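> make a model of this:
(one chain, ligands or ions: 1)
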Amino acid sequence: MLFHVRMDVHIPTDLDPDVRAEIVAREKGYSQDLQRSGKWPHIWRIVGEYSNFSIFDVTDNDELHEILSGLPLFPYMDIAVTPLATHPSDIAAG
Ligand SMILES: O=C(O)CC1=CCC(=O)O1
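This next block holds a predicted model:
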C-alpha cells in the first residue's frame, strides 16, 4: 500500500544543541535504512520549510503507524497521512 506523508518538524528552540544533533543524526540513519529496504522510496524537502513530502510503500496502516511512531523526531513532528489508490488514467498502471 502506498501512502503520501507530510512531516512538519518543530524542534523546540531551547532543546540542547547536542541532543538536537543526536536526534537528527538518528533520524537520518532510521530514514536511510527504510529507504534501502524499499519501504520509504521517496523523500523530498518542501522548499522553504522544515518539512518533507514522503512516499511510503508498506503492507498496511499498522506498519506505517509503527514506522512513523518510531521516528526519532516523532515527538517533534506534525504528520499528515494520505492513502493513495491507483488512478484510472495512469498509463503506468495499464
Ligand atoms: O528533515 C526532515 O524533514 C525530517 C526527516 C525525516 C527523515 C529525515 O531524515 O529527516
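
> can you pull the pLDDT of the one residue sitting closest to the centre of the chain?
Nearest to the geometric centre of the chain sits Ser54, at 5.2 Å (CA atoms, centre = their mean). pLDDT for Ser54: 99.

> roughly how far does Tyr30 sit from the ligand?
7 Å (CB to the nearest ligand atom, to the nearest Å). C-beta here means a position set from N, CA and C on the backbone, and glycine is covered the same way.

> helix, strand or coil: sort out that residue for me.
Put simply, Tyr30 is helix when judged by DSSP: H, G, I helix; E, B strand; the rest coil.

> my guess is it contacts Ser69, does it?
No - look at Tyr30 against Ser69 with CB atoms under 8 Å: they stay out of range, at 11.7 Å.

> tell me which of the two has more neighbours.
Neighbour tally, Tyr30 and Ser69, criterion other CB atoms under 10 Å: the higher count belongs to Tyr30, 17 against 10.

> can you pull the contacts of that one?
70-72 (CB atoms under 8 Å, 6 or more residues apart in numbering).

> kindly recompute the last result at 7 Å.
Residues near Tyr30 by CB atoms under 7 Å, 6 or more residues apart in numbering: 71-72.

> confidence score at it?
98.

> write out the residues of this structure neighbouring the ligand.
7, 9, 27-28, 31, 52, 73 (CB under 6 Å from any ligand atom).

> go again with 8 Å.
7, 9, 24, 27-28, 30-32, 43, 45, 50-52, 54, 71, 73, 77 (CB under 8 Å from any ligand atom).
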